[in-house]
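Trainee: Sequence first, predicted coordinates after that:
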Amino acid sequence: MRQSLTDIAVPTYWDLPWQVTSPRISVGPYRIDTDDVLGCMTTAVSQRQTRGKLLTLCLFLAWALIILVAVLGFGWQTRFLLAAIVLAVIGIITGLETMRAGPQLHWRLDIALRGGRRISFATTNKADAEALSRRLTAIANANR
């Protein structure tokens, strides 16, 4: 009988984006010697993604206006007003969605290394960020 995917234990390296082996730590694509870690600073970063939505709003309203001017000013058939209405409604809904959009939150860890190098690592999981920060702080304290 075959085993379903829900019955298989997930390896730890799937759970965490970072992994500590004795002389090295793997953080994202970076492999760092634990002796090189000097410190770590965690920062919460909040962003609102609005540029694409505002561009969509402008494009739909511009096309609606172009069609409206063509119908009213150049004598196009009035059935094209339906297209202008649909485009305007899509633009208005996009504007409402843009106003309602909340911030997206992620955590950035800046890791200071010997030689003045800094590595940045970002994650959306607060628990992962805190656990990695605690682990790096313990490593940095052991290196002092």
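Mentor: That came through, no problem.

Trainee: Quick one: the helices in the chain, in order.
Mentor: Using DSSP state H, the helices of the chain run over 12-15, 51-74, 80-100, 126-143.

Trainee: Export these to CSV and append columns for distance to Leu109, mean pLDDT and mean neighbour count.
Mentor: Where you see a C-beta, it was placed from the backbone N, CA and C, and this is true even at glycine. Rendered in CSV, the data for those read as follows (distance: least, C-beta to C-beta, whole Å; pLDDT from 0 to 100; neighbours: other C-beta atoms under 10 Å):
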stretch, distance to Leu109, mean pLDDT, mean neighbour count
helix 12-15, 17, 45, 9
helix 51-74, 26, 93, 14
helix 80-100, 30, 93, 15
helix 126-143, 6, 87, 16
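
Trainee: I'd like the ones you listed laid out as TSV, including distance to Met41.
Mentor: Putting the helices of the chain into TSV (distance: least, C-beta to C-beta, whole Å) gives the following:
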stretch	distance to Met41
helix 12-15	24
helix 51-74	28
helix 80-100	32
helix 126-143	8
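
Trainee: closest to Pro23 out of those?
Mentor: Distances from Pro23 to each of these were compared using C-beta to C-beta; the shortest belongs to helix 126-143, at 11.1 Å.

Trainee: Work out the gap between that closest one and the centre of the chain.
Mentor: 23 Å (C-alpha atoms, centre = their mean, to the nearest Å).

Trainee: Repeat that for stretch 57-75.
Mentor: Its chain's C-alpha centre lies 35 Å from the corresponding centre of stretch 57-75 when counted by C-alpha atoms, centre = their mean.

Trainee: Look up phi and psi at the residue of the chain most remote from its centre.
Mentor: Within the chain, the residue lying farthest from the chain centre (C-alpha atoms, centre = their mean) is Gly75, at 47.2 Å. Comment: the main-chain dihedrals of Gly75 come out as phi 80, psi 30, following degrees, to the nearest 10.

Trainee: Noted, bye for now.
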